[in-house]
Structures are given as C-alpha cells and as structure tokens.
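**Student:** structure of the sequence below:
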Amino acid sequence: MAETAVKSKTEYTEILMEDGRKVQFAGKRKVIKETLIDESKVEIDEASGILQLQHGAISIRMDYRNGVTRTYIEPLSLITKFAGHGGEQKYGDELATMADKPLSEDDMVIATDDLDAQIQQGKWGAGRAAGGGGVSGASLVVQAIMEATGKDVTTVKAYLQRKLDGDKDLTRPALYNSFRVAGTKTGIIIARLEAEKNAKSAKVDADAELASI
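**Tutor:** Next up, the predicted model:
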C-alpha cells in the first residue's frame, strides 16, 4: 500500500523587534520585506493626473530574524527607477510556474496581458494572490474557445475575466481546466491542437523508426 505524503504544517517563530513590534517568521525565513506608504506625503490631483510625493512617502522596511529592523526611504530622485523595478518584478512573477508545467511563449503573453488588465483597473492584488498567474496551456484553451465560438481573442479573454470576476472562488487554472475536459467541444479541439503541437516538435519520424527496430 502506497504511503500518503503528509504536508508538514508551517511553523512560525515570534521575534521581538528592536522597535517593540512582534513579527512572525515562517519556517527558516530570515528576513521579511514590506513596503510602507505614508499617505500624508502622497497627493494626487484627479483633474490633472499629477502625482506629488514628499520625502519619506515610500519606504522599505526589512525585519531580520535577529530582531534588527531597518527602514530605507526611497529617494525621490530614484522613485521612477524603484517603480520600474517593482513593475518588472510584478509582471515577471506572473510567469513563475511549477517545473513540470512550463509556460509556452503564447501562455506567457496571455498571463501578462491578464495581469495588466487588472493592474490598469488599479487591482494590484489580482493575479497570483487571487489564484491567477500563468497557466500552462492557457493559449490552447483560448484558441479552442475561439475556434468553437467563432469569437476573436479579445472577446474570449473578456469572457474569461468576467467569469473570474463573478465567482471569487473560481481560480484561473480551474476555469481553464473546465474547457479541457475530454469529450467536450473545446476538449476535443484542445486534444487536436496538442497533438499537432507535439507532431511539430517531434525529433524523429516515429512510424519510420518502428520499421528500423
């Protein structure tokens, strides 16, 4: 009888920081990073779209497991660099997947497009934190829905997003997998598309090789 792997529960260690705060460190984690925003030093003119920041508006706090804490103020002269770097990290994180479920280039484009659609609506926490992120084979699912419905990619992606927005318990992977079910119209199309993709990437002619064995 095969043994069932039991996932160990994450243990937390409470550390008293030098500034008096108590911080929970998960497992063997040695440092916790946090962005601090002083709203009193941030002003946005809705009419003109002008953003004004004062020194100290944005800081990075780093808490170390040894109880030491540091807060680093982002200098205004480098705010755009910090913003750009954070944006690169955010969009790049959306492409991180398990080693056994790599994303194709087409999947990557869909993942970052989906994230950007949320970002442009001011939804920073959307994406991986909300069960999103890159989904292996997403491009084939979108392609199959397009073929089955005759709709264009913009319409299909808008439909998928509406489904996710309408059901907070529905994750992007679960939604996409629903269209992969064998025997369904899209499932049949996806199976064909995957077979065509595998045939194109084949290194040898399998039928020809059988004759030489």
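**Student:** kindly export the lowest-mean-pLDDT helix or strand in the chain (C-alpha atoms) in CSV.
**Tutor:** Within the chain, confidence by mean pLDDT, DSSP states H and E is lowest for helix 206-211 among all helices and strands, at a mean of 82. Only the C-alpha atoms of helix 206-211 are listed here, as CSV (Å, rounded to 0.1, in the frame of the first residue of the first chain):
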residue,chain,number,x,y,z
ALA,A,206,8.1,7.5,-35.1
ASP,A,207,6.5,5.3,-37.8
ALA,A,208,9.7,5.2,-39.8
GLU,A,209,11.7,4.4,-36.7
LEU,A,210,9.5,1.4,-35.9
ALA,A,211,10.5,-0.2,-39.2
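**Student:** off-centre distance for it?
**Tutor:** Counting by CA atoms, centre = their mean, to the nearest Å, helix 206-211 is centred 42 Å from the centre of its parent chain.
**Student:** would you mark the buried spots in it?
**Tutor:** Residues of helix 206-211 include none that count as buried (16 or more other CB atoms under 10 Å). Heads up, the C-betas are built off the backbone N, CA and C, glycines and all.
**Student:** flag every buried residue along the longest helix that the chain contains.
**Tutor:** Secondary structure assigned by DSSP state H gives helix 185-201 as the longest helix of the chain. By neighbour count with 16+ other CB under 10 Å, helix 185-201 contains the buried residues T186, G187, I189, I190, L193.
**Student:** show the average pLDDT along stretch 38-56.
**Tutor:** In this model, stretch 38-56 has an average pLDDT of 93.
**Student:** again, but for stretch 11-31
**Tutor:** The pLDDT scores in stretch 11-31 average 96.
**Student:** quick one on the thing from earlier: what's the longest helix of the chain packed up against?
**Tutor:** Under the contact criterion of 3 or more CB pairs under 8 Å, 6 or more residues apart in numbering; DSSP states H and E, helix 185-201 touches helix 138-149.
**Student:** how far is the helix it packs on from where the chain is centred?
**Tutor:** 21 Å.
**Student:** how about low-confidence regions in the chain?
**Tutor:** 1-7, 126-133 (pLDDT under 70).
**Student:** could you chop it up by domain?
**Tutor:** Per the record, the chain has its domains at 10-74, 88-213, by automatic domain parsing.
**Student:** tell me the contacts of the residue nearest to F179 when sequence neighbours are not counted?
**Tutor:** Closest residue to F179 apart from its sequence neighbours, by CB to CB, 6 or more residues apart in numbering: T186 at 4.3 Å. Residues in contact with T186 (CB atoms under 8 Å, 6 or more residues apart in numbering) are V141, A144, I145, A148, F179, R180.
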